[in-house]
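# Fold the following for me, if possible:
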Amino acid sequence: MYELANLQGHRHPQAGNSRLSQDLTTRTYSGTPREKVTMTSAQNKNGRYEASSGLNMFKNNSDLEHSSKDNPCPICDRTKDADCSWSQDKGLVLCYSEGKDGHPVQAVGDYHFNGQYSDSYHGANTRAQYTKQKPRNRTSTRKPVHQFKPEKQQARDINSAVVEIEVKVDDLALMVAEGHETLASAQVNLAAWCKEKKHDKYTAIQSLKAKLKEASDLGIQVTLDEDPRWLKEYRLVEQKFGDRLRFNQLTKQVELDAETFDATTAKMELGINRGLKLKGNREDITDTIVMLAKKNAYSPVCDYLHKVHQQYGGSTDVLNGFAQRHLGTSNPIHEALVRRFLIAAVARAIAPGCKHDCALILQGPQGYGKSTFFKVLASEAWFDDSLGSTSHKDEKLKLHQFWMVEWPELETVFKRSDVSQVKAFMSSSIDNVRPSYCRNMETLKRPSVIVGTTNQDQFLADTTGNRRFWVVPITHRLDFAKLSAERDRLWAAAVTLYQSGEQWWLTDNEGRQVDGDRNQFEEVHPWLEPIQDYVAGLSEVTTASILSFGVKVDVSRQNNGDTKKVAAIMKKLGWEPKNNVLSQQGHRARGWIKN
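Take a look at the predicted model:
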């Protein structure tokens, strides 16, 4: 004997009442044992609705719908009252028509016969069970690769992403709070970062907004508008100081109320001594001060030259006889050198970087006041007398902080520096330097002229580069009171000459006169006299012969340096180089012919 759980209310020969009962009844049958079948509309993993073993899922009549005139069976379209029944979602159907003859069709539309009946007796009123097939999803069901990672690894990845987002959000929130970013710009940066890192942009942006709101609730000022804090502070400094901030183009210094102001310590200085507390970082505040100051840039030298020119008009008479009156020399070429030098100084002040690769040199005994002459002429504030090594970066910076820069004791320059290095230094009109207010190098045009002084009679070591040195000898102690009295009129006259277009470089005729006059200041090489004696009476001679017989240098010891020394001396003596000269041994070689 076996028990079969049957849903009360399905018509059956033994059922005396067609009304559905709210309770399950147990019927007893004999015969081959079958599994107990219970109505269910649950879906299996393949998407089918199945009848499963166990308790009946229908708890009362309200769980079922029945065939009627207005509600036909989805399998056979039967409309007779209560002959066919189905679950409310129509996932499971008990069809009377297909079950009564024991040969139900296998499929009707989306419904498939599942091989089971409403009871295992297969009586006259037995109903066939049909389950509805779930529509197949045509989209790919393959899971992303990362979903196949072990759960622990997935958890670690999620935690890592959360930490990365939190760190990024904290950084951007701090930058917004400090005024370096606006909310809009921070969101753009965060979105780009999330795209690169493959993080959720929406979550990150919401986190950023939440942090900024939290900061705002705590009373922390947050920049949410379009103007970052640095711009607000720029306007604040501009409003408070305005034209009081200026930039000195000569000294490369910021000035506040006509006094030098260190822009690198502006945050502390303005907060302590000026009562202006700025919240930006030191670099931003420094840049703000320098930018505002440069809007009011000025050159004190140019202002001075403009002032004296307006005061003394266009007369140049004061320049007549200047060298004789102040330096004690009556040589016309010395007058020309001083005149050219004054115009060159004006040109460099008005047009920094203009071509001027020469230096005025005062030569005379110690104590005559050679350096003081230049200091009075330029004024103490615009003069420096400590120019040193040509290779040191700080020495180049001096050329952009003063109007006149002196090489003291010029003879020592040639001893401690290579001559070619000195020539390159003087020929340059621009320098790459880093002013005190800058974090990077800047390319600046020279606004200055180089001068020099020496006590030596012979100090020029290289004949090829000596044209750069305009040497003027002095014969007495200089009268600085007289020079101070004439100073303004001297510069007014130089401005007049510059504006009239007079050149500050030598003419060809003046150049030849300077070369002849300069010979007396050049060092005499010990080979000069022996070579001069050896070539006397010759029309051509080889370099090898001069070295071997003129200065007695052994052939095994002769080198390229010796050849250059001979060449300099021969040029000084007026000889010209030639590649095909007959030697004393009868062969052709490089040498010289008499001009």
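
# Which of the three states applies to the closest residue in space to Arg439 that isn't next to it in sequence?
For Arg439, ignoring the flanking residues on the chain, the nearest one in space by Cβ to Cβ, 6 or more residues apart in numbering is Glu283 at 7.2 Å. (C-beta placed from N, C-alpha, C; glycine too.) Assigned state for Glu283: helix (three-state reduction, DSSP: H, G, I helix; E, B strand; the rest coil).

# ok, Glu283 - how many residues close by?
By other Cβ atoms under 10 Å, 11 other residues sit near Glu283.

# I'd like the distance between Thr79 and Met291.
91 Å (Cβ to Cβ, to the nearest Å).

# let me fix that: Cys73
If you go by Cβ to Cβ, the gap between Cys73 and Met291 works out to 87 Å.

# neighbour-wise, which of these two wins?
Cys73 (26 against 15).

# now that one, nearest residue through space, not along the chain?
Cys84 (3.7 Å).

# contacting residues for the one you found?
By Cβ atoms under 8 Å, 6 or more residues apart in numbering, the contact set of Cys84 is 66-67, 73, 75-76, 78, 93-97, 127.

# Mind doing that once more with 6 Å?
Taking Cβ atoms under 6 Å, 6 or more residues apart in numbering, we find Cys84 in contact with 67, 73, 78, 95-96.

# Gln206: neighbour count?
There are 12 residues near Gln206, going by other Cβ under 10 Å.

# Where does it sit: helix, strand or coil?
Gln206 is classified as helix under three-state DSSP.

# go on, the one 5 residues further on?
Lys211 carries the three-state label helix when classified by three-state DSSP.

# what does the model give it for pLDDT?
With respect to pLDDT, Lys211 scores 79.

# One more: Val413?
In this prediction Val413 is given a pLDDT of 71.

# ok, now His326?
So, for His326, pLDDT stands at 93.

# Leaving out chain neighbours, which residue sits closest to it?
Leu483 (5.9 Å).

# Got the confidence number for that neighbour?
Reported pLDDT for Leu483: 95.

# Neighbours of it, how many?
Leu483: 18 neighbours (other Cβ under 10 Å).

# Please apply the same query to Ser428.
Counted with other Cβ under 10 Å, Ser428 comes out at 14.

# Excluding chain neighbours, what is closest to it?
Nearest one to Ser428, counting by Cβ to Cβ, 6+ apart, is Arg446 at 7.6 Å.

# mind listing what the one you found touches?
By Cβ under 6 Å, 6+ apart, the neighbours of Arg446 are 353, 399, 429.

# What's the end-to-end length of stretch 275-288?
Terminal residues of stretch 275-288 lie 17 Å apart, using Cα to Cα, to the nearest Å.

# How about stretch 459-476?
Stretch 459-476: ends 20 Å apart by Cα to Cα.

# Mean confidence (pLDDT) on it, please.
80.

# Mind listing residues that contact that stretch?
By Cβ under 6 Å, 6+ apart, stretch 459-476 touches 327-328, 334, 337, 357-364, 368, 410-411, 414, 419, 423, 426, 518, 521-523, 568, 572.

# Secondary structure class of Asn114, three-state.
strand.

# quick one: it from Val472, how far?
Distance of Asn114 to Val472, given as Cβ to Cβ: 122 Å.

# So which residue is smack in the middle of this protein?
Asn440 (10.6 Å; Cα atoms, centre = their mean).
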